[in-house]
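[1] Structure here, sequence nowhere to be found:
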């Protein structure tokens, strides 16, 4: 007997699958599925459409993973040369961050945006914990938002604590399969509970000694927060490693660099030290967000080291 459904939770060895009828079934993967040319540590991911088979109608195995229209991956934490698929078949990827508690890491945000761009997923930035910011910090945040908007990325400012910006966010994610990612402690789980209290995701606080969040989510899981609206909660990530990307490809995944590169003298310009580089000129003239270009320089070096 064969059934079809969507993977809504992965625990490493078991998968929870929601059938098209709405019924939930626990399933394992078939041994041959694990070895069919898979370079990822997980051949099945949350969001995957799968086929289940059963010999006795009581225990089920995933026999096939349907073709994905997109997915988002990162480096595996234990096996650095392998990749881990975080989630598949996404309509929107939300990266949630904070100006403080924990401190803003623009490098993490840009890595996430580049990865979403590379895998053809629309991305949106959420700045949480607006209630902690004074006027000077809020002014800086608005400058950041304007810089990202110039690069093609919309953003939202919210306070889960004060329930500010939540209704607008509900409208943004309505009818979509959404991924939420970010550092531990930025408020992913609290946001889910705010959008739909029935989800009841476990929440922890930021450690005062390290200003880092404490991990509460250990496996990706998909929640239905409203009719036809899903949020995939992911483990708090300390880093977001770029993979499956050559150094010379990186420039293609920063929209503001792509936009200006037509003015470069050389069509294969990497925007480093080449003569007559329109991108470098724009950076030096203050026409590009400085942090985006400097993160680009850092990441291209990282990719060169990985290649070696």
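    Yes, it's here. Because the structure is predicted, anything quoted here is derived from the model rather than measured.

[2] So residue 27: helix, strand or coil?
    Three-state assignment for residue 27 (DSSP: H, G, I helix; E, B strand; the rest coil): strand.

[3] Leaving out chain neighbours, which residue sits closest to it?
    Ranked by CB to CB, 6 or more residues apart in numbering and with sequence neighbours excluded, the top spatial neighbour of residue 27 is residue 60, at 4.1 Å. From N, CA and C alone the C-beta is placed, and that goes for glycine too.

[4] in the stretch 201-308 of the chain, what spans have low per-residue confidence?
    201-218, 236-241, 243 (pLDDT under 70).

[5] how about the strands in it?
    Using DSSP state E, counting those that start in this stretch, the strands of the stretch 201-308 of the chain run over 206-207, 212-213, 221-226, 229-233.

[6] Domain map for this protein?
    If you go by automatic domain parsing, the domain ranges for the chain are 2-67, 72-233, 247-307.

[7] can I get the ones you listed in JSON lines with mean neighbour count?
    As requested, these are arranged in JSON lines below (neighbours: other CB atoms under 10 Å):
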{"stretch": "domain 2-67", "mean neighbour count": "15"}
{"stretch": "domain 72-233", "mean neighbour count": "18"}
{"stretch": "domain 247-307", "mean neighbour count": "16"}
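
[8] about what we covered before: closest one to residue 136 among the strands of the stretch 201-308 of the chain?
    With distances scored as CB to CB, the stretch of the strands of the stretch 201-308 of the chain nearest to residue 136 is strand 206-207 (21.5 Å).

[9] Check the protein and tell me which residue is nearest its centre.
    Centrality entry for the chain: nearest residue to the mean C-alpha point is residue 181, 4.8 Å, by CA atoms, centre = their mean.

[10] Okay, and the beta partners of that residue?
    Under the criterion DSSP bridges, residue 181 forms beta bridges with residue 95.

[11] quick revisit: which stretch among the strands of the stretch 201-308 of the chain comes nearest residue 188?
    strand 229-233 (6.1 Å).

[12] Name every strand pairing with that closest one and say which way it goes.
    Applying DSSP bridges to the sheet, strand 229-233 is found paired with strand 177-181 (parallel), strand 221-226 (antiparallel).

[13] Can you add distance to residue 171 and give the strands of the stretch 201-308 of the chain back as CSV?
    Output for the strands of the stretch 201-308 of the chain, formatted as CSV (distance: least, CB to CB, whole Å):
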stretch, distance to residue 171
strand 206-207, 28
strand 212-213, 27
strand 221-226, 11
strand 229-233, 10
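
[14] And those strands: which comes nearest residue 118?
    strand 229-233 (18.4 Å).

[15] What are the contacting residues of the closest one?
    Contacts of strand 229-233 from elsewhere in the structure, counted by CB atoms under 8 Å, 6 or more residues apart in numbering, are 46-47, 86-87, 90, 173-180, 188-189, 192, 195, 201, 217, 220-225.

[16] Contacts for stretch 105-118 next, please.
    With contacts defined as CB under 8 Å, 6+ apart, stretch 105-118 is touched by 72-74, 93, 95, 97, 122-123, 125, 153, 181-183, 237, 239-242, 244-245, 249-250, 253-255, 291-292, 295-296, 298-299.

[17] so how far is that stretch from its chain's centroid?
    Relative to its chain's centre, stretch 105-118 lies at 8 Å (CA atoms, centre = their mean, to the nearest Å).

[18] One more: stretch 7-27?
    Counting by CA atoms, centre = their mean, stretch 7-27 comes out at 21 Å from the chain centroid.

[19] what does stretch 245-254 give?
    On CA atoms, centre = their mean, the centre of stretch 245-254 falls 18 Å from that of its chain.

[20] what's the answer for stretch 301-308, then?
    Remark: stretch 301-308 is offset 22 Å from the chain centroid, using CA atoms, centre = their mean.

[21] So what would you say the end-to-end distance of stretch 43-50 is?
    With CA to CA, to the nearest Å applied, stretch 43-50 spans 11 Å between its terminal residues.

[22] That one - what's its average pLDDT?
    The pLDDT scores in stretch 43-50 average 93.

[23] So what touches that stretch?
    With contacts defined as CB under 8 Å, 6+ apart, stretch 43-50 is touched by 4-10, 15, 17, 27, 29, 33-34, 36, 62, 64-66, 68, 71, 85-90, 177, 220-222, 232.
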